[in-house]
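Student: structure for this input, please:
(3 chains)
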Amino acid sequence: MDWSKFRLIPRSEDFFTLFEESSRNVVLGVSQLNALLSDFSSVEDKVKQIVDIEHQGDKVTHHTMAKLNKTFVTELDREDIHALISGLDDILDFVDAAARRMLLYKIVEPVPEAKKLAEILAKAVDEINKAIPLMRHLSKPNDIMKHCIEINSLENEGDQVQRNAVAKLFEECKDPIYVIKWKEILETLETAIDRCEDVANILEAIVLKYS
Amino acid sequence: MDWSKFRLIPRSEDFFTLFEESSRNVVLGVSQLNALLSDFSSVEDKVKQIVDIEHQGDKVTHHTMAKLNKTFVTELDREDIHALISGLDDILDFVDAAARRMLLYKIVEPVPEAKKLAEILAKAVDEINKAIPLMRHLSKPNDIMKHCIEINSLENEGDQVQRNAVAKLFEECKDPIYVIKWKEILETLETAIDRCEDVANILEAIVLKYS
Amino acid sequence: MDWSKFRLIPRSEDFFTLFEESSRNVVLGVSQLNALLSDFSSVEDKVKQIVDIEHQGDKVTHHTMAKLNKTFVTELDREDIHALISGLDDILDFVDAAARRMLLYKIVEPVPEAKKLAEILAKAVDEINKAIPLMRHLSKPNDIMKHCIEINSLENEGDQVQRNAVAKLFEECKDPIYVIKWKEILETLETAIDRCEDVANILEAIVLKYS
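Tutor: Predicted structure coming up:
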């Protein structure tokens, strides 16, 4: 007999499932961003897809918050569940913001460094997506830590790409409005990678707390 | 006989009073910002008033910190009191920064979207001002949550207004310095609304912790 | 007989030593930044030195994290150790970013306000460097609080210098690219001072928690 069907108290396992759902959605959003940057056509449709994915992420976040509100949780503190699900949400916010800006600012052709940053972002969210399921087994902190370290290194790489790209804009481009637009989009992409590092820091802090 | 007059340990109720004082002061600062933007005259005087309100807010914050330092608190954790009073303070910092910048950058006439953002900000701080007194009764988390959700939705609206305003500046304005100035002021106003969302998140986290 | 040689559990004292090491490294980085701004020659070499100091800081941070991972700590919560060491690290990140940008953006001569901001930053990290050793004696919270208040006041001063400097750029400079470059570098320096205030807030929160 499967007693789990009769339990009155939802298991925190349900939250792990929600983290994984949110994390997979982040991977999907970042993959759509890469698709947009690789083939910069039908921009309005592709941006709309990314916005839809971001809305889907919001739903998972709100669902998690609502569940948290009426659930007695055992393995993780409520604050940590709150921080992690918000952190994942934040990444997509910046993916969405970068995509929307390219549409709004009537970008004709992305600068090559935008593609490079989106690729680094894809690697970072992939690391997150590998680390999240390991949260189910907090007794093995080292595997999670390895992904966090890799995310830190990707963030450094992103930082450098963005900085060099802006320096190049300053040197090569004579239209200040073009410089302002791309400086902002490149920074938004870099901030999305920063938010991955924030998630890594949240994971690290949880691991430190419970392991 | 009113025994409360004889208690040796200050009640955490005193902190709720300070939160409410700080929150009302935030509402006042935002209302002065709206007054400035509706009638952009005597700018120096009106900005000075906003700066004074921000200083008044700092005093409430410091008073709260000092009290926290020598008080045994029962209902709320010290860290949460610290986070909430700092969060309220942060909103006024950006209101103050937006106002000061309009003076410093010798703005002659505000763009219409600045007024729109200040109106959204007024709605957001009004929601906060309604949620804060409900903190006295953490047993009713749903009412607080409703205000938080409303603040989240206002933040989305602000984000959209700011983004469209910047896109319009890029398209319509040929003076890059004017674009840079207004882009920054619009972003500062939008950040003030973001800080309202941060306060909503702090309220949410407290509600999740204690309810 | 010195029993401490035989203890099985590392003392949290070891963490205080690491905080002090990190803090001294931050002071060193900021002093190199001031050296660069006082004599703006051999820029590449001087920026390289600052980058090296930042890498050294990263090593202390990672060493602290690794130690935290295998240590049972008594006096401080793991989360607080994590927050404090990350906070110190963040200051140097912005010192490093400001220095690198001056090199990347091919700056010929720093604006005078950059020097002023670096001087304020030096005062702020000096206050941190005085407050950190006091963490060993959390029973005397007032001395730590005094340094935190001083850092808050330096942050206000930095904010004002940066704001006025940007206003001056807008008024006096006709080259938008020059304005964008310096606006960013000045903001990066001001953010480094903001990060000192964040460390002050972390110290304040720890003091409130344990005193």
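Student: okay, CA-based contacts and neighbour counts for the rest of this
Tutor: Fine.
Student: let me see the mean pLDDT of the longest helix along chain A.
Tutor: Counting residues, the longest helix found in chain A (DSSP state H) is helix A:176-210. Confidence over helix A:176-210, taken as the mean pLDDT, stands at 94.
Student: which strands or helices does it pack on?
Tutor: Helices and strands in packing contact with helix A:176-210 are listed as helix A:78-104, helix A:112-134, helix A:141-172, helix C:78-104; criterion 3 or more C-alpha pairs under 8 Å, 6 or more residues apart in numbering or on different chains; DSSP states H and E.
Student: what about 6 Å?
Tutor: Using 3 or more C-alpha pairs under 6 Å, 6 or more residues apart in numbering or on different chains; DSSP states H and E as the contact criterion, the secondary-structure elements in contact with helix A:176-210 are helix A:78-104, helix A:141-172.
Student: these: which one's closest to chain C?
Tutor: In this view, those are compared for proximity to chain C by C-alpha to the nearest C-alpha, and helix A:141-172 is the closest at 5.5 Å.
Student: run the angle between the closest one and helix A:176-210 for me.
Tutor: Relative orientation of helix A:141-172 versus helix A:176-210 (axes from the mean of the first three to the mean of the last three C-alpha atoms, to 10 degrees): 170 degrees.
Student: what comes up buried for helix A:141-172?
Tutor: Going by neighbour count (16 or more other C-alpha atoms under 10 Å in any protein chain shown), the buried part of helix A:141-172 is A:141, A:144-145, A:147-152, A:154-155, A:157-167, A:169-170.
Student: for A:I81, which non-adjacent residue is spatially closest?
Tutor: Spatial nearest neighbour of A:I81, excluding adjacent residues (C-alpha to C-alpha, 6 or more residues apart in numbering or on different chains): A:F15 at 7.7 Å.
Student: what's the angle between the helix or strand harbouring A:E20 and helix A:112-134?
Tutor: With elements delineated by DSSP states H and E, A:E20 resides in helix A:13-38, which encompasses its position. Taking the same axes, to 10 degrees, one finds helix A:13-38 and helix A:112-134 inclined to each other by 160 degrees.
Student: so who does the most centrally placed residue in chain A touch?
Tutor: Nearest to the mean C-alpha position of chain A, by C-alpha atoms, centre = their mean, lies A:I91 at 3.2 Å. Contact partners of A:I91, counting by C-alpha atoms under 6 Å, 6 or more residues apart in numbering or on different chains, are A:A192, A:R195.
Student: look up how far A:D159 lies from it.
Tutor: In this view, A:I91 and A:D159 are 16 Å apart by C-alpha to C-alpha, to the nearest Å.
Student: for A:V95, same thing?
Tutor: For A:V95, the distance to A:D159 under the criterion C-alpha to C-alpha works out to 16 Å.
Student: distance from the chain centre to stretch A:165-185, please.
Tutor: Mean-position distance between stretch A:165-185 and its chain equals 26 Å (C-alpha atoms, centre = their mean, to the nearest Å).
Student: swap in stretch A:47-55?
Tutor: Between the centre of stretch A:47-55 and the centre of its chain there are 14 Å (C-alpha atoms, centre = their mean).
Student: tell me if that stretch is near chain B.
Tutor: No: no part of stretch A:47-55 sits near chain B under the criterion C-alpha under 6 Å from any C-alpha of the partner chain; the closest distance found is 11.5 Å.
Student: any idea of the mean pLDDT in that stretch?
Tutor: Looking at stretch A:47-55 alone, the average pLDDT works out to 98.
Student: which non-adjacent residue is nearest the closest residue to chain B within chain A?
Tutor: In chain A, the residue that lies nearest chain B is A:Y105 (5.5 Å; C-alpha to the nearest C-alpha). Nearest in space to A:Y105, with sequence neighbours left out and distances taken as C-alpha to C-alpha, 6+ apart, is B:A167 at 5.5 Å.
Student: what helices and strands are in contact with the helix or strand just after the helix holding A:E20?
Tutor: Elements were assigned by DSSP H and E; along the chain past helix A:13-38, the next helix or strand is helix A:43-69. For helix A:43-69, the contact count by 3+ C-alpha pairs under 6 Å, 6+ apart identifies helix A:78-104 as packing neighbours.
Student: count of residues packed around A:H137?
Tutor: 12 (other C-alpha atoms under 10 Å in any protein chain shown).
Student: tell me how far it lies from A:S22.
Tutor: Distance, A:H137 to A:S22, using C-alpha to C-alpha: 18 Å.
Student: and the helices and strands packed on helix A:176-210 as CSV, adding mean pLDDT?
Tutor: Compiled in CSV, the helices and strands packed on helix A:176-210 are given as follows (pLDDT from 0 to 100):
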stretch, mean pLDDT
helix A:78-104, 94
helix A:141-172, 95
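Student: what would the ones you listed look like in JSON lines with distance to A:Y210?
Tutor: Compiled in JSON lines, those are given as follows (distance: least, C-alpha to C-alpha, whole Å):
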{"stretch": "helix A:78-104", "distance to A:Y210": "11"}
{"stretch": "helix A:141-172", "distance to A:Y210": "9"}
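Student: how distant is stretch A:23-40 from the center of its chain?
Tutor: Mean C-alpha position of stretch A:23-40 versus that of the full chain (C-alpha atoms, centre = their mean) differs by 11 Å.
Student: which residues does it contact?
Tutor: A:I50, A:I53, A:K115, A:A118, A:A122, A:V125, A:N129.
Student: among those, which two are most distant?
Tutor: Within the contacts of stretch A:23-40, A:K115 and A:N129 form the most distant pair, 20.8 Å apart (C-alpha to C-alpha).
Student: now the longest helix of chain A: buried residues?
Tutor: Of the residues in helix A:176-210, A:176-177, A:179-183, A:185-209 count as buried by neighbour count, 16+ other C-alpha under 10 Å.
Student: just stretch A:33-49 next, same as before
Tutor: Buried residues in stretch A:33-49, defined by neighbour count with 16+ other C-alpha under 10 Å: A:L33, A:N34, A:L36, A:L37, A:V43, A:K46, A:V47, A:Q49.
Student: distance of A:I151 relative to A:T17?
Tutor: Applying C-alpha to C-alpha, the value for A:I151 to A:T17 is 22 Å.
Student: and for A:R101?
Tutor: When A:R101 is compared with A:T17 (using C-alpha to C-alpha), they lie 32 Å apart.
Student: now do A:V27
Tutor: The spacing between A:V27 and A:T17, counted by C-alpha to C-alpha, is 15 Å.
Student: between the two, which is the more surrounded one?
Tutor: More crowded of A:V27 and A:T17, by other C-alpha under 10 Å: A:V27, with 21 against 14.
Student: thanks again, I'm all set now.
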